[in-house]
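Peer 1: my questions are about this predicted structure, shown below with the sequence.
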Amino acid sequence: MTTSLTAGDFTDADVDKLHLLVTELLGHCRDLAAEHAPGGVWPARDGDVIDEIERAKQVIETLARSLNGTRSALRRIDTRARQRHTVRRAIAERGLPALASVD
């Protein structure tokens with residue numbers, strides 16, 4: 001069964017971390033683009049196509065590491081929210097609604 005999370009399942013710290021993670025990811029992308037694609041265009045180089053492919057692979061690997069790190073951190077935030085949701089639902093179902101809002 002899929003758990004439907006609500007805004008209440010996330011803490012203020014979760015939301016702050018989400019904004020920080022996405023801001024850092026976008027900043028990293030911006031910096032990488034500025035370094036490897038000045039003016040927003042991948043520069044053509046006169047030279048060996050093998051070198052071009054290797055440069056492209058390095059950029060993609062750098063992006064992938066950054067995306068994977070952000071995705072992992074977001075998954076941890078989601079997992080904690082799901083745990084809180086499960087606890088709140090279990091408490092509410094057992095007739096203890098006053099405890100349902102406690103983290």
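Peer 2: Looks like it came in fine.
Peer 1: lowest average confidence, helix or strand, in this structure?
Peer 2: helix 49-93 (a mean of 93; mean pLDDT, DSSP states H and E).
Peer 1: for that helix, what is the distance to the chain centroid?
Peer 2: 5 Å (C-alpha atoms, centre = their mean, to the nearest Å).
Peer 1: ok, now stretch 20-40?
Peer 2: Going by C-alpha atoms, centre = their mean, where stretch 20-40 is centred and where its chain is centred differ by 15 Å.
Peer 1: what does it contact?
Peer 2: Residues outside stretch 20-40 that contact it (C-beta atoms under 8 Å, 6 or more residues apart in numbering) are W42, P43, R55, V59, T62, L63, S66, L67, T70, A73, L74. (C-beta placed from N, C-alpha, C; glycine too.)
Peer 1: give me the buried entries from those residues.
Peer 2: V59, S66, T70, A73, L74 (16 or more other C-beta atoms under 10 Å).
Peer 1: as CSV, these with distance to L5 would be great.
Peer 2: Listed next are these as CSV, based on distance: C-beta to C-beta, whole Å:
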residue, distance to L5
V59, 35
S66, 25
T70, 19
A73, 17
L74, 13
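Peer 1: and R94, what pLDDT?
Peer 2: The model reports R94 with a pLDDT of 78.
Peer 1: again with L20
Peer 2: In the predicted model, L20 carries a pLDDT score of 98.
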